[in-house]
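For reference, the sequence and a predicted model appear below.
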Amino acid sequence: MDLNLHSPERRLIELKIEHADLNALVDLAAHALPLDELRLRRLKKRRLQLRDQISLLAESLDPPEPA
């Protein structure tokens, strides 16, 4: 696997790490008192955006096999 600094594979790994970090932040924010609902919504929105980016990039790297 080509792991140069600009490869799509490396970008996919970076996005997955960022997504995992956001999962942890969402968990912390959800259990923090007082609850900052705006911050929590923003974190969740960013996490969904990352998930979509990860899906698109993963699909472009490994396209589905023709039927």
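Alright, I've got the coordinates. Residues are numbered from 1 along each chain as shown.

Would you tell me what the next helix or strand after the strand or helix carrying Val26 is?
Counting by DSSP states H and E, the element that carries Val26 is helix 8-31. Counting by DSSP H and E, the next helix or strand C-terminal to helix 8-31 is helix 37-61.

So which bits of that following helix are buried?
Buried residues in helix 37-61, counting neighbours by 16 or more other Cβ atoms under 10 Å, are found at 40, 43, 47, 50, 54, 57. C-beta: built from backbone N, CA, C; applies to glycine.

and which of these is nearest to Leu5?
Nearest to Leu5 among the buried residues of helix 37-61: Leu57, at 15.8 Å, using Cβ to Cβ.

Could you double-check that that closest one lies in contact with Glu14?
No - look at Leu57 against Glu14 with Cβ atoms under 8 Å: they stay out of range, at 10.2 Å.

if we can go back for a sec, now do the helix holding Val26 against helix 37-61, angle only.
Relative orientation of helix 8-31 versus helix 37-61 (axes from the mean of the first three to the mean of the last three Cα atoms, to 10 degrees): 160 degrees.

Give the buried residues for helix 8-31.
So, applying 16+ other Cβ under 10 Å, buried residues of helix 8-31: 12, 15, 19, 22, 25-26, 29.
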